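Asker: Build me a structure from this.
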Amino acid sequence: MRLYFTVLIIAFVLLPVTNIAQADTRIADGHIHYNWDHAEIISPEEVVIKLKKAGVGLAIVSSTPSHLALELKKHAGDWLVPFFSPYIHELGKKDWYLDDGVISLAEAGLRKDLYAGIGEIHFFAGLPPNPDNKIFQQLMALAKQYNVPTLIHVDAGSEKFFVEICQQHSAINIQLAHAGGNLSASHINTILETCPRVWVDLSARDPWRYDGLTGENGHLEKSWRDLILRYPDRFIIGTDPVWRVTRTQSWDLPDDGWDHFEQLLQYHLHWISDLPDEVQSKIRWQNMATMLKKSLNN
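Answerer: Numbers count the residues shown, from 1 in each chain. Next up is the predicted model:
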């Protein structure tokens, strides 16, 4: 067992068994960021205080530049799980797939047990890079070598783009960001049927960004409710406190997404409360813990 994860794994193994008649109220946030333009207006200490105050006891963080995830972990502890982001400088999202330095930094970070996964990696159908990109393929090879999950963001018109990725890398636990963005429940159903090592995170599927998950009353749309009940072990929640993606924000301003963290979390906790208690427990905590444990223990 890799030393970095000792405390984390012990915590998972010794988790108390809860009565299935009562929902597990612990919260795992599967998708947070602490980027350079967050750091301009909120400190790592303040982020950790927000997470703890909200009851978050396990969180996955990726950052731009990637080392900021490690800064956040220093102030949190082993319950904060850093993923290596290939965006190794402030504008890294634009050129990561051309930079061999991404691979050397990723390998060093994984070898030293600094990171527990790789991502978030963004793909936009019709724009570079393609999934056959050399840097991406090398990152996935490192994920397999070090037995860690990857967090992948795909914006596409159908599930086919992502299915090709998960089928090619079927030995790796993959977290699909934002339930595929604009993809529908039927698209996600195909992904879950096709790729047994994919977990779907529901971050940014809120009324302020991708939307489509709930109706005006904040309750799950029937298609999504049916899908979640069909695959209760495959969904996780996340807040993704990034706010400049909205049209009302200016790209030249610091990202105030952490000001909206509580709002985003409460949105998800609201629709989760309509589900059976055992399913609530899985989505709030157990599925993410399972995704991380499987990638470490297989």
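Asker: use CA for all of it now, contacts and neighbours both
Answerer: Noted.
Asker: Which stretches in the stretch 1-150 of the chain count as helices?
Answerer: According to DSSP state H, counting those that start in this stretch, the stretch 1-150 of the chain carries its helices in the segments 6-13, 36-39, 44-53, 68-74, 101-111, 134-146.
Asker: Start and end of stretch 164-172, how far apart?
Answerer: Terminal residues of stretch 164-172 are spaced 13 Å apart (Cα to Cα, to the nearest Å).
Asker: Pull the residues that contact that stretch.
Answerer: Outside stretch 164-172, the residues that touch it by Cα atoms under 8 Å, 6 or more residues apart in numbering are 131, 140, 143-144, 147-150, 174, 194-195, 197-198, 295.
Asker: repeat that with 6 Å
Answerer: Stretch 164-172 is contacted from outside by Lys144, using Cα atoms under 6 Å, 6 or more residues apart in numbering.
Asker: Check which residues of that stretch are buried.
Answerer: Buried positions in stretch 164-172, judged by neighbour count with 16 or more other Cα atoms under 10 Å: Ile165, Cys166, His169, Ser170, Ala171, Ile172.
Asker: Kindly report the same for stretch 281-298.
Answerer: Buried residues in stretch 281-298, counting neighbours by 16+ other Cα under 10 Å, are found at 281-296.
Asker: Distance from the chain centre to that stretch, please.
Answerer: Mean-position distance between stretch 281-298 and its chain equals 12 Å (Cα atoms, centre = their mean, to the nearest Å).
Asker: I'd like the average pLDDT over it.
Answerer: For stretch 281-298, mean pLDDT is 86.
Asker: thinking again about what came up before, which of the buried residues of stretch 281-298 fall in strands?
Answerer: Using DSSP state E, no member of those falls in strands.
Asker: Number of residues surrounding Thr64?
Answerer: Using other Cα atoms under 10 Å, Thr64 is surrounded by 24 other residues.
Asker: that older thread, tell me which of the buried residues of stretch 164-172 is nearest to Gly30?
Answerer: Ile172 (17.0 Å; Cα to Cα).
Asker: Fine by me, thanks again.
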